[in-house]
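A.B. asks: just the structure for this:
(chains A and B)
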Amino acid sequence: MDLETLWFVLIAVLWGGYFLLEGFDFGVGLLLPFLPRDERQRSTMFESIGPVWDGNEVWLVVAGGATFAAFPAWYATMFSGFYIALLLVLVCLIVRVLSFEWRGKGESPRWRSVWTWANCLGSFGASFVWGVALANLVNGVPLDSNGDFAGDFGDLFSGYTVIAGLAVVLLFAFHGATYLTIRTSGDLCRRASRAAQRLSLAAALVGAGFLAWTVAVAVDRNDKSVFPPILPAALAIAAIVLAVVFVWQRRSGPAFASTAVGVVATVAALFTSLYPRVMVSSPDFGNSLTVESAASAHYTLEVISIVAAILLPVIVLYQGWTYHVFRQRLAGGEEADSSPGGAASTAAPAEPTA
Amino acid sequence: MSLVASTTVDLARLQFATTSIYHFLFVPLTLGLGPLVAVMQTAWYRTKDEQWLKLTKFFGTLFLINFAIGVATGLVQEFEFGMNWSVYSKFVGNVFGAPLAVEGLAAFMLEATFLGVWIFGWNRLSPKLHLATLWIAVLGTWLSGYFILVANSWMQQPVGYKIVNGEAQLTSVWALVSNGFALRAYVHTMLAGLIFGSIVVLGVCCWHFLRGRDVTTFRKAAKLALIVAVPVTMLQLVVGNRFGEAVTSAQGMKIAASEAQWNTCQPCGFSLFQIGGFTEDDQTPSFSITVPRLLSYMATGSFDGQVQGLNQLQSQEQRAYGRGNYMPNVEVIYWSMRVMAYMGVLMFLVAAIGAWLYWKQKLVRARWFLWPAIVAMSFPYIAATAGWILSEMGRQPWIVQGLLKTADANSPSVSTTWVAISLTVFVVLYITLLVLDFWLMRRYAGRGLDGGETEAPEAPAAVY
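C.D. replies: Numbering: from 1, shown residues only, chains lettered A, B, ... in the order given. The predicted structure follows:
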């Protein structure tokens, strides 16, 4: 594999990591106003992603930085072309970051409610727009002969891309619900399990529809054959269907593993449908940006390849370790966890003993 | 750049200036408060003195409130290059993108991941491991500063590249990361971070001395702040000066403008204050106070050094790059340089007087000093803002010194309306954040060590 292709794969991996990890953060956020019985359970939901959301969001920062370094023309065209969409993403993400930090800083129900909804709407907006934006890479946007975006904000919306946005929102909500079933206990866990069941069919139907449509779009607009995009798409559909089965069987571990595979395979399906282009141009297909034309020179790719080869495994190790540290299920507040130290894991982490 | 900017480029510049200055209100406090909180926790770990634990949690909460906004606004900076400056992004991506990508991989991952563990790990990790997570997060913040300054310094002094098909391509990663400009900028910026941290901790302590709350505990924090503040404010005056020498060789125009030095001089006096003399039509100030030979020393390291004037540099650059105006806004650059430097001196005085009072055991009761020390919390913010205005506006008309002009670097596909919309959105959002953040910081800083009258002390920011 040449370095350009390697970096295309790496950027797909970074997006996959971002969707896998921040996907359940967004999912938990989407469910915040609807799932918990009371404010204590809501705080526990926040706490279930509290230690990890920031590290998860860095996958996006790295995906952006890697695109800038490895494919400057892709970064330049995508970020300037999807201007208003990315502005929306930024506003959503900023509001969301603040909700984590500030919700607990005020006591009034109104203050807490504002930040709960801020997190929910921020999660919704960011999930939806990312779905629309990534689908547009495959579906094609107007590019001029210079590789610059030549359309308008409205060009980003079509039946396919809107379904993509909805599919991502539903998949994340589903993924977030299965995440809560492995991270909480008691009543909150039961509620999460019910939410996962209710979401499962909608997520599976819209998700499968979107994936099938993606393969069709790849064939139709990106000069691909059905094979290989069909492989990750089929894997994604299979994983999501399995997840549906598992949530109805109340098998939380396998259910979460299945939504995780489903989300990652969905990203894989999009990027497989995209390769060897990085942005499809439509109507002038000849203006599409390709892995070759958008890539940095060999030397830059070598440098960042060495850095990534060293650091990515280390990152996976230490982020994995954090999930190990916070593996303990959180009770919703009303019932003490049976495991040792469980009482400490309720909404307000206790004082260090001293 | 006028405030009533009308073109896309002007609006995009205004947006970058607004969002990056805003971002940098939060970043340096994170850089400086992080190690101070880590030292406090280390002191608790070593001595088991409860007061250090209370201080760790108290300043840890301020640190985290601040860190959150730094993260949120940092993402805007990363996106903004591509959104508003696509020509620039394509031109520099080969070189500039690499440190940005490495910053994410090497630094942001560390700080974000380990800070999360620190916030929530109080009773899940051994005290030693828990302390280590904070130090690792601090290491992450300090690494990120290095990589972003490597990227920024390349815009000031491009090194290790060649131009191929109208794009800059990296030829030596070693030259990029060991750029003398970057190393000096790094030391200067990290010292600024420590000044932020120590001056803010000192100011908060003085506020509590005034109110007579938790005095014995805050005296420990004040001592720590002073131990840091005295040497770093002093060192910064020297380092800032050395940094000036690096700028002289890379960006003569920036130095000439920062002194409103229209004609080449040898030796050159340093203008402390002047009225007029800031435009091509009015090159002689109507009033000025000047220290003989000081500018020669500051710009070149020798009291007899030659400093080139704006007029001479303008002719040279026209010969090199063609017709055009190669001078930045002299008045803005002159004053931003002075505001930064004078604030630096003032902060040194605050630190020195505070240390003397502490040594004489009078600090807690010296009301005449406590009030100015509280006001001094604003000085690092003013100095850092002035410093970045000097650095970035002083580079104009270039976006990459000598290689690409700002006017040619914006996104062709982005209309003036779009930039205006995003600028408005950011300004409204950021002002709201600033008001909320100030309110929260003030509330928490004023609360005292036991979280107010009734509440028990809590783990920093871990309560949703």
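A.B. asks: the strands in chain B, which residues?
C.D. replies: Secondary structure of chain B, counting by DSSP state E: strands at B:161-164, B:167-170, B:270-275, B:287-291, B:398-400, B:404-405.
A.B. asks: tell me the strands beside the shortest one, with direction?
C.D. replies: This points to strand B:404-405. Paired neighbours of strand B:404-405 in the sheet (DSSP bridges): strand B:398-400 (antiparallel).
A.B. asks: rewinding a little: take the strands of chain B and lay them out in a markdown table including mean pLDDT and mean neighbour count.
C.D. replies: No exception for glycine: its C-beta is placed from N, CA and C like everyone else's. Shown next, in a markdown table, are those (pLDDT from 0 to 100; neighbours: other CB atoms under 10 Å in any protein chain shown):
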| stretch | mean pLDDT | mean neighbour count |
| --- | --- | --- |
| strand B:161-164 | 93 | 14 |
| strand B:167-170 | 93 | 21 |
| strand B:270-275 | 89 | 15 |
| strand B:287-291 | 88 | 12 |
| strand B:398-400 | 93 | 23 |
| strand B:404-405 | 92 | 18 |
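A.B. asks: do you know the pLDDT at the closest residue to B:Ala383 other than its chain neighbours?
C.D. replies: Nearest residue to B:Ala383, sequence neighbours excluded (CB to CB, 6 or more residues apart in numbering or on different chains): B:Met343, at 3.7 Å. According to the prediction, B:Met343 has pLDDT 95.
A.B. asks: what does the one 4 residues further on give?
C.D. replies: The score at B:Met347 is 96. That number is its pLDDT.
A.B. asks: return the residues in contact with it.
C.D. replies: Shown in contact with B:Met347 (CB atoms under 8 Å, 6 or more residues apart in numbering or on different chains): B:Ile195, B:Ile199, B:Ala229, B:Thr233, B:Ala376, B:Phe379, B:Pro380, B:Ala383.
A.B. asks: counting by contacts, list what the longest helix belonging to chain B packs against.
C.D. replies: Assignment by DSSP state H gives helix B:8-47 as the longest helix of chain B. Contact partners of helix B:8-47 among helices and strands, from 3 or more CB pairs under 8 Å, 6 or more residues apart in numbering or on different chains; DSSP states H and E: helix B:50-84, helix B:127-156, helix B:180-211, helix B:215-250, helix B:379-393, helix B:416-446.
A.B. asks: so which of those comes closest to A:Gly23?
C.D. replies: helix B:50-84 (17.5 Å; CB to CB).
A.B. asks: in that closest one, which residues are buried?
C.D. replies: Residues of helix B:50-84 classed as buried: B:51-84 (neighbour count, 16 or more other CB atoms under 10 Å in any protein chain shown).
A.B. asks: give the rounded mean pLDDT of it.
C.D. replies: Helix B:50-84 shows an average pLDDT of 89 in the prediction.
A.B. asks: relative to helix B:127-156, how tilted is that helix?
C.D. replies: 30 degrees (axes from the mean of the first three to the mean of the last three CA atoms, to 10 degrees).
A.B. asks: does helix B:50-84 come close to chain A?
C.D. replies: Yes - residues of helix B:50-84 contacting chain A under CB under 8 Å from any CB of the partner chain: B:50, B:53, B:64-65, B:68-69, B:71-76, B:78-79, B:81-84.
A.B. asks: that older thread, could you check the angle the longest helix of chain B makes with helix B:379-393?
C.D. replies: 140 degrees.
A.B. asks: from the contacts of B:Met347, pick the one nearest chain A.
C.D. replies: B:Pro380 (22.2 Å; CB to the nearest CB).
A.B. asks: confirm for me that the closest one is in contact with B:Leu202.
C.D. replies: No - shown here, B:Pro380 and B:Leu202 do not form a contact pair, counting by CB atoms under 8 Å, at 10.9 Å.
A.B. asks: so for these two, which sits in the more crowded spot?
C.D. replies: B:Leu202 (30 against 27; other CB atoms under 10 Å in any protein chain shown).
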